[in-house]
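Asks: What would the 3D arrangement of this be:
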Amino acid sequence: MADPMHQTRDSEMLHEVREGLSRRQKELSPKFFYDHRGSELFEEITALPEYYLTRAERALLHSRAAEIARVTEARALVELGAGSADKTRILLDAMVALGAAGMYAPVDVSESFLADSAARLEREYPSLTITPVVADLTAGFTPPAGMPRPALFAFLGSTIGNFDAIAAVRLLARIRAAMRQGDALLLGADLRKDVARIEAAYNDARGVTAEFNRNMLVVLNRELGADFAPGAFAHYAFFAEEAGRIEMHLVSTREQRVHIPGMPPVRFADGESIRTEISCKYDRARLESMFERAGLLLTHWYEREEDGYALALAVPAT
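Replies: Numbers count the residues shown, from 1 in each chain. Take a look at the predicted model:
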């Protein structure tokens, strides 16, 4: 018997793919990167020499985690888009050192990757309750029932940059809706800097980012029965100066037609692209404005100037 939840998810995915590929600039959500293989590839990206973001954020966490744990007095850590939870350990260690940590709730769209990470953390932190939450952040999520408060919601990796201004505020508002007075949000944000350095982070010499980008087509082939030829699309990433963001594309290297069951064939001209990700770069004023529109108040700003990266701590506005 077919799983109704699986059928619903596939139907929603097909609708979103149909809508995105019908636009003048074809576009797909970056959430489709993240099957188990995509999550592994992204973890590999974070260790590349060109990808400064993870190192900068980790350095900030090492230097500020104790202060963040003390200021927030958090008894639970909710990590949004958790992945492998590698940097999470820095926050958890600081919370455990204060004797405050009671629960860790990793939230991610990849169920298998989330389960693996949760199993490792259960072994490393036997005193913590580990409660994974499989959810698409763009559709909202519900924290675990009985979660101790106050809670620290961590949205790291500058993942907020994957959303345009309107969608980013909408997502922050969803996070705010899951928070209570006393809770806090820790947001990682990449700042504007030298364009060459930004572009290099998305065009690594080993081609890992290119494989990660094309993995989206592998996911669509498997999940929707599509017949994309991943090798017929080239990775392309550039900084769009006016928009203040990186854009990542898959560019068709020839005229082709792709079949996806349940929708008309999708035609690609030679050189036509699918935009698969944006990564906005910020300054403090822009982030503060986004927080305000989402019902949040910026309280602490931690910046690593040599890398142009920041951690912003915000609380529900009263």
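Asks: And residue 310, its phi and psi?
Replies: Main-chain torsions, residue 310, degrees, to the nearest 10: phi -140, psi 150.
Asks: Report the beta-bridge partners for it.
Replies: Under DSSP bridges, the beta-bridge partners of residue 310 are residue 189, residue 303.
Asks: what about the nearest residue to residue 227 once chain neighbours are set aside, neighbour count?
Replies: Excluding its sequence neighbours, the residue lying closest to residue 227 (Cβ to Cβ, 6 or more residues apart in numbering) is residue 259, at 5.1 Å. C-beta here means a position set from N, CA and C on the backbone, and glycine is covered the same way. By other Cβ atoms under 10 Å, the residues close to residue 259 number 12.
Asks: where's residue 259 relative to residue 221, distance?
Replies: Residue 259 sits 10 Å away from residue 221, going by Cβ to Cβ, to the nearest Å.
Asks: joint contacts of those two?
Replies: Common neighbours of residue 259 and residue 221, counting by Cβ atoms under 8 Å, 6 or more residues apart in numbering, are residue 227.
Asks: what pLDDT, on average, does the helix or strand where residue 209 lies get?
Replies: Here residue 209 sits within helix 208-224, counting by DSSP states H and E. The average pLDDT within helix 208-224 is 97.
Asks: helices or strands up against it?
Replies: Packing partners of helix 208-224 (3 or more Cβ pairs under 8 Å, 6 or more residues apart in numbering; DSSP states H and E): helix 4-21, helix 36-46, strand 233-240, strand 245-252, strand 273-280.
Asks: ok, of those, where does mean pLDDT dip lowest?
Replies: Mean pLDDT per stretch puts helix 4-21 lowest among the helices and strands packed on helix 208-224, at a mean of 79.
Asks: So residue 86 lies in a helix, does it not?
Replies: No: Residue 86 is assigned coil when assessed by DSSP: H, G, I helix; E, B strand; the rest coil, not a helix.
Asks: ok, so what distance separates it from residue 118?
Replies: From residue 86 across to residue 118, the span is 13 Å (Cβ to Cβ).
Asks: Could you do residue 269 as well?
Replies: Distance, residue 269 to residue 118, using Cβ to Cβ: 44 Å.
Asks: neighbour-wise, which of the two wins?
Replies: Per other Cβ under 10 Å, whichever of residue 269 and residue 118 has more neighbours is residue 118, with 18 against 10.
Asks: How about the more buried one, nearest residue that isn't a chain neighbour?
Replies: Excluding the flanking residues, the one nearest residue 118 by Cβ to Cβ, 6+ apart is residue 132, at 4.5 Å.
Asks: Same question for residue 71.
Replies: Closest to residue 71 by Cβ to Cβ, 6+ apart is residue 300, at 6.7 Å.
Asks: picking that back up, could the helices and strands packed on helix 208-224 be laid out in TSV, adding distance to residue 159?
Replies: Output for the helices and strands packed on helix 208-224, formatted as TSV (distance: least, Cβ to Cβ, whole Å):
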stretch	distance to residue 159
helix 4-21	18
helix 36-46	11
strand 233-240	17
strand 245-252	13
strand 273-280	9
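Asks: how deep is the residue nearest to residue 118 tucked in, by neighbour count?
Replies: Neighbour count for residue 132, taken as other Cβ under 10 Å: 20.
Asks: show me what contacts it?
Replies: Contact partners of residue 132, counting by Cβ under 8 Å, 6+ apart, are 105, 106, 107, 108, 114, 115, 117, 118.
Asks: ok so, going back, hang on, isn't the residue nearest to residue 227 packed against residue 265?
Replies: Yes: the pair formed by residue 259 and residue 265 meets the contact definition of Cβ atoms under 8 Å, at 5.3 Å.
Asks: Only the buried residues of stretch 104-112, if you could.
Replies: Neighbour-count burial for stretch 104-112 flags 104, 105, 106, 107, 108, 109, 110 (criterion: 16 or more other Cβ atoms under 10 Å).
Asks: can you list the weak-confidence ranges in the stretch 51-200 of the chain?
Replies: Applying pLDDT under 70 to the stretch 51-200 of the chain picks out residues 82-85.
Asks: what about the longest helix in the chain?
Replies: When the chain is parsed with DSSP state H, its longest helix is helix 52-72.
Asks: Which other helices and strands does that helix contact?
Replies: In terms of contacts (3+ Cβ pairs under 8 Å, 6+ apart), helix 52-72 is packed against helix 88-97, strand 151-155, strand 184-190, helix 195-201, strand 296-304, strand 309-316.
Asks: rerun that using 10 Å as the cut-off
Replies: helix 36-46, helix 88-97, strand 151-155, strand 184-190, helix 195-201, strand 296-304, strand 309-316 (3 or more Cβ pairs under 10 Å, 6 or more residues apart in numbering; DSSP states H and E).
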